[in-house]
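K.L.:
Model the structure of this input:
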Amino acid sequence: MASEKSPLTNGVHQIETFQLGPHTVPRVFGGLWQMSSPAWGTAPRSKIIKQFKKHVDAGFTAFDMADHYGDAEVVFGKFRSSQPNPESIFCATKYCIFQPIAITKEVVEANIAQRAKRTNGVDLLQFHWQDYNDKQYIQALKYIEEDERVKVVGLCNFDTERTKEIAEAGVKVVSNQVQFSLIDSRPIFAMGEVCQKYDIKLLTYGTLCGGLIADKWLGQAAPDLYSESFTPSQRKYFEAINVWGGWDLFQELLQVLSVIGAKYKVSISNVATRWVLDFPYVGAVIVGCRMGVSDHSDENMACFGWTLDQGDREAIDKVLAKSKREDMFKDMGDCGAEYR
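P.N.:
Residues are numbered from 1 along each chain as shown. Presented below is the predicted three-dimensional model:
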C-alpha cells in the first residue's frame with residue numbers, strides 16, 4: 001500500500017494517491033463531520049452540492065462520513081448519484097456502536113443496508129466499538145467482512161492492542177481512523193509499528209487542530225474559548241494545545257512551520273499536513289469540510305508534490321522536544337482512548 005507521489009508539474013501541485021484494497025484514492029479526504037451540527041455553520045443544499053462538485057473536479061474524490069453525522073450520508077449520496085461517474089467518488093463511512101448490543105448477522109446487515117442506501121454504495125466501512133471488554137467486536141467485523149455491499153473494512157479509533165488482535169483474528173482491515181497531528185502524535189509510539197506489520201493505513205483527523213494550525217493564528221494571543229466564532233473542534237483542540245505545552249510553545253511551533261512553509265511556498269497548514277503524510281503508515285489526512293460555508297480545496301492541493309527534508313524535521317523536532325507529547329500518550333492512553 002505504498003503511496004504514489006506526483007511531482008510538481010510546471011509549478012502546479014498534483015494529487016498524491018495510495019491504495020485501499022482495490023481503490024486508488026487521494027491522500028487528502030474531505031471530512032463531513034461538520035454537517036452533524038449547525039454549530040459549524042449552515043448553507044443551502046445547492047451551495048453544498050456545488051462545493052462537492054468543486055472538490056471532485058479538483059481530484060479530491062474521497063469523503064469521510066458516519067452514521068451519526070446528521071444527514072451527511074444522505075447529502076453525499078444524492079450528490080454522488082447525480083454525477084456521470086459515481087463509481088469514481090469514494091465513500092468512507094462508519095458503523096459506530098456506542099451502547100451495549102447483542103451482535104447478530106441480522107443486526108449488522110441491517111446497519112450496512114442503511115449505510116448503502118443513504119450513500120449510494122459503501123466503499124470503506126469503518127467500524128467503531130466502544131466497550132473493549134465486550135469481545136463481540138471481532139464477530140461484528142467478521143460479519144461486515146462477509147457482506148458483499150462493503151468493498152473494504154476499516155477501523156475507527158481502535159487502539160494498538162485491539163488493532164493487532166483483530167488482524168491476528170484473520171479479519172482483513174485496510175485502515176484505522178485516528179487522531180494524529182503535531183500536537184497529538186500518539187500513533188508514533190505504538191500504532192505505527194502494528195500498521196506497518198499488518199499493512200494497515202492510518203486515516204488521520206485533527207491534523208490541523210480544527211484550523212488552529214494555520215497562518216491566521218501566527219502571532220496571535222490565545223483565543224477566547226467562549227467566543228461565538230470559535231467552533232466545537234477549535235475548543236477541543238485548544239484544550240489539547242494547553243495540555244501539550246501551552247499557547248506560547250504553540251506559537252513557537254507555528255513560527256517554525258511558517259519558515260518551512262516560506263521555503264516551499266506553502267502555508268503553515270500545508271506543512272503540518274505534510275508532516276503527518278510523510279509517515280509511511282499514514283494513508284490520508286482527513287480535512288474537515290464546512291461544505292458551502294468555507295472552501296480550502298485549493299490550499300489543500302499544496303500539500304502534495306514535495307516532502308520535508310531532514311533539516312525541516314530537525315527544526316520541528318526541537319519544538320516538539322519541549323512539549324509534553326510523550327506525557328499525552330501516557331496520560332491520555334493510546335489512540336482512541338479519549339473516547340472511552
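K.L.:
CA atoms for contacts and neighbours, from now on please.
P.N.:
Fine.
K.L.:
quick one: pLDDT of P232?
P.N.:
Looking at P232, its pLDDT is 81.
K.L.:
go on, L225?
P.N.:
Here the pLDDT value assigned to L225 is 81.
K.L.:
Strands of the stretch 151-300 of the chain, start to end?
P.N.:
Per DSSP state E, counting those that start in this stretch, the stretch 151-300 of the chain carries strands over the ranges 173-179, 201-205, 282-288.
K.L.:
Identify the residues contacting M332.
P.N.:
Going by C-alpha atoms under 8 Å, 6 or more residues apart in numbering, M332 touches E338.
K.L.:
and the strands of the stretch 151-300 of the chain as a markdown table, adding mean neighbour count?
P.N.:
Converted to a markdown table, these look like this (neighbours: other C-alpha atoms under 10 Å):
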| stretch | mean neighbour count |
| --- | --- |
| strand 173-179 | 25 |
| strand 201-205 | 25 |
| strand 282-288 | 26 |
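K.L.:
Tabulate the ones you listed (a markdown table), appending mean pLDDT.
P.N.:
As requested, the strands of the stretch 151-300 of the chain are exported to a markdown table (pLDDT from 0 to 100):
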| stretch | mean pLDDT |
| --- | --- |
| strand 173-179 | 98 |
| strand 201-205 | 98 |
| strand 282-288 | 95 |
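K.L.:
residue contacts, the nearest residue to Q179 once chain neighbours are set aside?
P.N.:
Nearest residue to Q179 in three dimensions, chain neighbours excluded: Y205, at 4.9 Å (C-alpha to C-alpha, 6 or more residues apart in numbering). Contact analysis of Y205 by C-alpha under 8 Å, 6+ apart lists Q177, V178, Q179, F180, S181, V285, I286, V287.
K.L.:
Was I right to think the fifth one contacts A272?
P.N.:
Yes: taking contact to mean C-alpha atoms under 8 Å, the distance of 7.4 Å between S181 and A272 places them in contact.
K.L.:
These two: which is more packed in?
P.N.:
Shown here are S181 and A272; by other C-alpha atoms under 10 Å, A272 has more neighbours (25 against 21).
K.L.:
Let me know the helix or strand that E145 is in.
P.N.:
According to DSSP states H and E, E145 maps onto helix 136-146.
K.L.:
for I49, same thing?
P.N.:
Assigned by DSSP H and E, I49 falls in helix 45-58.
K.L.:
which element follows that helix toward the C-terminus?
P.N.:
Downstream of helix 45-58 (by DSSP H and E), the next one is strand 62-64.
K.L.:
Give the other helices and strands that that following strand contacts.
P.N.:
If contacts are counted by 3 or more C-alpha pairs under 8 Å, 6 or more residues apart in numbering; DSSP states H and E, strand 62-64 sits against strand 28-31, strand 90-97.
K.L.:
and the longest helix anywhere in the chain, which residues are buried?
P.N.:
In the chain, taking DSSP state H as the definition, the longest helix is helix 247-264. For helix 247-264, burial by neighbour count (16 or more other C-alpha atoms under 10 Å) applies to 247, 249-261.
K.L.:
ok, residues contacting the helix holding E145?
P.N.:
Residues outside helix 136-146 that contact it (C-alpha under 8 Å, 6+ apart): 103-105, 108-109, 112, 127, 129, 150, 152-153, 166, 169, 171-172.
K.L.:
If we use 7 Å, what do you get?
P.N.:
With contact meaning C-alpha atoms under 7 Å, 6 or more residues apart in numbering, helix 136-146 is reached by I103, K105, V108, W129, V153, I166, V171.
K.L.:
In helices only, show me the residues you listed.
P.N.:
In this view, these that belong to helices under DSSP H are K105, V108, I166.
K.L.:
ok, now which ones touch the last one?
P.N.:
Residues near I166 by C-alpha under 7 Å, 6+ apart: I138.
K.L.:
Look up the pLDDT of it for me, please.
P.N.:
On pLDDT, I166 comes in at 98.
K.L.:
partners of G154 in the sheet?
P.N.:
Taking DSSP bridges as the rule, G154 bridges to Q126, S175.
K.L.:
And for it, the neighbour number?
P.N.:
28.
K.L.:
Surely it is in contact with V171?
P.N.:
No: assessed by C-alpha atoms under 7 Å, G154 is found out of contact with V171, at 9.9 Å.
K.L.:
SS state for A315?
P.N.:
Following DSSP: H, G, I helix; E, B strand; the rest coil, A315 is assigned to helix.
K.L.:
Quick one: residues contacting it.
P.N.:
Going by C-alpha under 7 Å, 6+ apart, A315 touches V256.
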